[in-house]
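Undergrad: what follows is a predicted protein model with its sequence.
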Number of protein chains: 2
Amino acid sequence: MTKVSIIGTGNVSYHLERAFAQATDLLEVQVLPSRSDFSNRSSEKNNGDFDSDSDLVIIAVSDDAIATVSKKLQNTSQLVVHTSGSVPMNALERERRGVFYPLQTFSKNRDVDFGVIPICIEANEKKDLKLLRMLGEVISRKVHEIDSEQRKALHLAAVFVNNFSNHLYQIGNRICQENDVSFDLLKPLIAETASKIETLDPLEAQTGPAKRNDVKTIGNHLTELKSQKLKEVYLLLTRSIQDTHGKKL
Amino acid sequence: MTKVSIIGTGNVSYHLERAFAQATDLLEVQVLPSRSDFSNRSSEKNNGDFDSDSDLVIIAVSDDAIATVSKKLQNTSQLVVHTSGSVPMNALERERRGVFYPLQTFSKNRDVDFGVIPICIEANEKKDLKLLRMLGEVISRKVHEIDSEQRKALHLAAVFVNNFSNHLYQIGNRICQENDVSFDLLKPLIAETASKIETLDPLEAQTGPAKRNDVKTIGNHLTELKSQKLKEVYLLLTRSIQDTHGKKL
């Protein structure tokens, strides 16, 4: 039986463990907090000790803590991977190293369908890449070999489409609250905006006053926004759309 | 039978006409280009002439053209509405005036499910509001009375959550192209980001380096972005998230 140890007790660890457990009985998965002792090699292990003969260790901790946890594993020989989008594989200073990056946003109080989540894998050795692919395919239909440079780019792009978009939703919510209308009214629009790019290139899907160079509406919106900071965001994104579409404000 | 004339041949007109036609046989809907002559009162009408005894005229033209079209209707007495988010109802200088604003993004080459689209209605007279509600409910399960001020705010918020979010998708696409990874990898993330706010407040759903105040990753991203303009967008949105969550960069 393939044994997997997941180190870390955050959102990624929580959802990964659940996904493995739901997908198969053929994996033995243990979850350990990152403060654990990973040097334990005694044959009589206590419950909660590190299973040093696991085939794979998944370090699912914050980016800053990856190196520290990795060092604690220096006397072990199995494959060790991290789950980070932005940390290069070589941050793990050992022979058998790799990355197992599920490209998704995780919150503890929200279920995700792992089947559609792209798992980006990378490994130093061919046999390890094979193991990661096998494991990835247990939970997802989309396993991709992605090197550290490409993964870094994906992570950066993800910040734009996920973190920044969500922040725009929050600004939309704020404008609704300040004007006594329900944010619920915008939810079908948000769903359609995201759904549109399944079939249209975002460049082609672009609409709105910036794209149309509708100077009057842009002016009205800037007057309407009372917050200087929101004005700045509005103006910069408007200019960015106009640059992209060859318009001048 | 209730007769509706839709003036304009753009995306809103196209989708409205289709939605009415699919929903019921009890409406008679004609679509006319905005250059038409709306003064025709002869009893022998040619095909394509304005049906001056229609119960409702929906002006579905660009914001700038609404006043012009409205003036051409000054000798008529029926209810006239426009479909714009940002133009006040009173831009229609007549007694029986109103607004019928479907809060959605429309593209000709993409079908929409009108049933979930909020229709924001407003009218000068009670009986006209009733007519608009009845018509809205023919095609949508979400008809809301929204006054001109609230609608203006909704339209502004819609620019943030729709136009600006789509632009962020386009930036994500560009970063992928420049680094030879497929934008398809980001699509499940985009879908989940939009879907998350169905159940979580966007403030609560926020994740990422700005929210975590992960200065190292932010620095790496800024180095990675070669375009000065994208750096500006990244930095401003990062600062805006940090302001919102009480963090300092």
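TA: Yep, that arrived. Residues are numbered from 1 along each chain as shown, chains lettered A, B, ... in the order given.
Undergrad: what comes up buried for the helix or strand containing A:Leu235?
TA: Counting by DSSP states H and E, the element that carries A:Leu235 is helix A:228-244. Buried residues in helix A:228-244, counting neighbours by 16 or more other CB atoms under 10 Å in any protein chain shown, are found at A:230, A:233-242, A:244. Bear in mind the C-beta positions are built from the backbone N, C-alpha and C, glycine included.
Undergrad: filter these by proximity to chain B?
TA: The subset of these within reach of chain B, by CB under 8 Å from any CB of the partner chain, is A:233-234, A:236-237, A:240-241, A:244.
Undergrad: tell me which of those residues is nearest to B:Glu149?
TA: A:Tyr234 (18.6 Å; CB to CB).
Undergrad: that closest one reaches A:Asn220, doesn't it?
TA: No - in this structure, A:Tyr234 is not within contact of A:Asn220 by CB atoms under 8 Å, at 11.3 Å.
Undergrad: A:Arg35: how many residues sit nearby?
TA: Neighbour count of A:Arg35, defined by other CB atoms under 10 Å in any protein chain shown: 10.
Undergrad: could you pull out the strands for chain A?
TA: A:2-7, A:27-32, A:56-59, A:79-82, A:97-102, A:119-123, A:143-145 (DSSP state E).
Undergrad: still on that earlier bit, tell me what angle the helix holding A:Leu235 forms with helix B:228-244.
TA: Interaxial angle of helix A:228-244 relative to helix B:228-244 (axes from the mean of the first three to the mean of the last three CA atoms, to 10 degrees): 160 degrees.
Undergrad: outside of helix A:228-244, which residues touch it?
TA: A:171, A:203, A:206, A:208-211, A:213, A:218, A:221-222, A:225, A:247-249, B:159-160, B:163-164, B:167, B:170-171, B:229, B:232-233, B:236-237, B:240, B:243 (CB atoms under 8 Å, 6 or more residues apart in numbering or on different chains).
Undergrad: can you get me a residue count around A:Ile119?
TA: 26.
Undergrad: distance check, A:Asp128 against A:Ala67.
TA: Using CB to CB, to the nearest Å, A:Asp128 is found at 20 Å from A:Ala67.
Undergrad: who has more neighbours, those two?
TA: Neighbour count, other CB under 10 Å: between A:Asp128 and A:Ala67, A:Asp128 has more, with 22 against 14.
Undergrad: how about the contacts made by that one?
TA: Here A:Asp128 is in contact with A:79, A:96, A:98 (CB under 8 Å, 6+ apart).
Undergrad: I'd like to know which of those residues is nearest to chain B.
TA: A:Gly98 (18.1 Å; CB to the nearest CB).
Undergrad: measure A:Glu28 to A:Val138 for me?
TA: Counting by CB to CB, the gap from A:Glu28 to A:Val138 is 13 Å.
Undergrad: these two - which one has more neighbours?
TA: When A:Glu28 and A:Val138 are compared for neighbours, A:Val138 comes out ahead with 18 against 14, by other CB under 10 Å.
Undergrad: could you find the closest non-adjacent residue to the more buried one?
TA: A:Ala23 (5.0 Å; CB to CB, 6 or more residues apart in numbering or on different chains).
Undergrad: same question, A:Tyr101
TA: Here the residue nearest A:Tyr101, using CB to CB, 6+ apart, is A:Cys120, at 4.3 Å.
Undergrad: which pLDDT value goes with that neighbour?
TA: Here, the pLDDT recorded for A:Cys120 equals 98.
Undergrad: same question for the one 10 residues further on.
TA: On the pLDDT scale, A:Lys130 is placed at 97.
Undergrad: what does A:Val4 give?
TA: A:Val4 is given a pLDDT of 96.
Undergrad: same check, this time on A:Met1
TA: pLDDT, A:Met1: 85.
Undergrad: against chain B, how distant is it?
TA: Using CB to the nearest CB, to the nearest Å, A:Met1 is found at 30 Å from chain B.
Undergrad: which residues touch the spatially closest residue to that residue that is not a sequence neighbour?
TA: Closest residue to A:Met1 apart from its sequence neighbours, by CB to CB, 6+ apart: A:Glu28 at 5.4 Å. Remark: with contacts taken as CB under 8 Å, 6+ apart, A:Glu28 is in contact with A:1-4, A:54.
Undergrad: ok, A:Glu28 to chain B distance?
TA: 28 Å.
Undergrad: partner residues bridging that residue?
TA: Counting by DSSP bridges, A:Glu28 forms beta bridges with A:Lys3.
Undergrad: how many residues are close by the closest residue to A:Ser70 other than its chain neighbours?
TA: Spatially, and ignoring its direct neighbours in sequence, A:Ser70 is nearest to A:Leu92 (5.0 Å; CB to CB, 6+ apart). When counting by other CB under 10 Å, one arrives at 25 neighbours for A:Leu92.
Undergrad: A:Leu92 against A:Ile66, yeah?
TA: Yes - between A:Leu92 and A:Ile66 there is a contact at 7.4 Å, judged by CB under 8 Å.
Undergrad: got the contact list for A:Val69?
TA: With the criterion set at CB under 8 Å, 6+ apart, A:Val69 makes contact with A:7-8, A:34, A:38, A:59, A:61.
Undergrad: let's see it at 7 Å
TA: A:Val69 sits next to A:7, A:34, A:59, A:61 when contact means CB atoms under 7 Å, 6 or more residues apart in numbering or on different chains.
Undergrad: surely the first one meets A:Ser34?
TA: Which is A:Ile7. Yes - the criterion here is CB atoms under 7 Å, and A:Ile7 meets it with A:Ser34 at 5.5 Å.
Undergrad: what is in contact with those two at once?
TA: A:61, A:69.
Undergrad: ok, those two, which is more surrounded?
TA: Set A:Ile7 next to A:Ser34 and count neighbours by other CB under 10 Å: A:Ile7 wins out with 27 against 19.
Undergrad: okay, A:Asn40: pLDDT?
TA: 61.
Undergrad: ditto for A:Ile146
TA: 97.
Undergrad: can you tell me which of the contacts of helix A:228-244 are buried?
TA: The buried subset of these (16+ other CB under 10 Å) comprises A:171, A:203, A:206, A:208-211, A:213, A:218, A:221, A:225, B:159-160, B:163-164, B:167, B:170-171, B:233, B:236-237, B:240.
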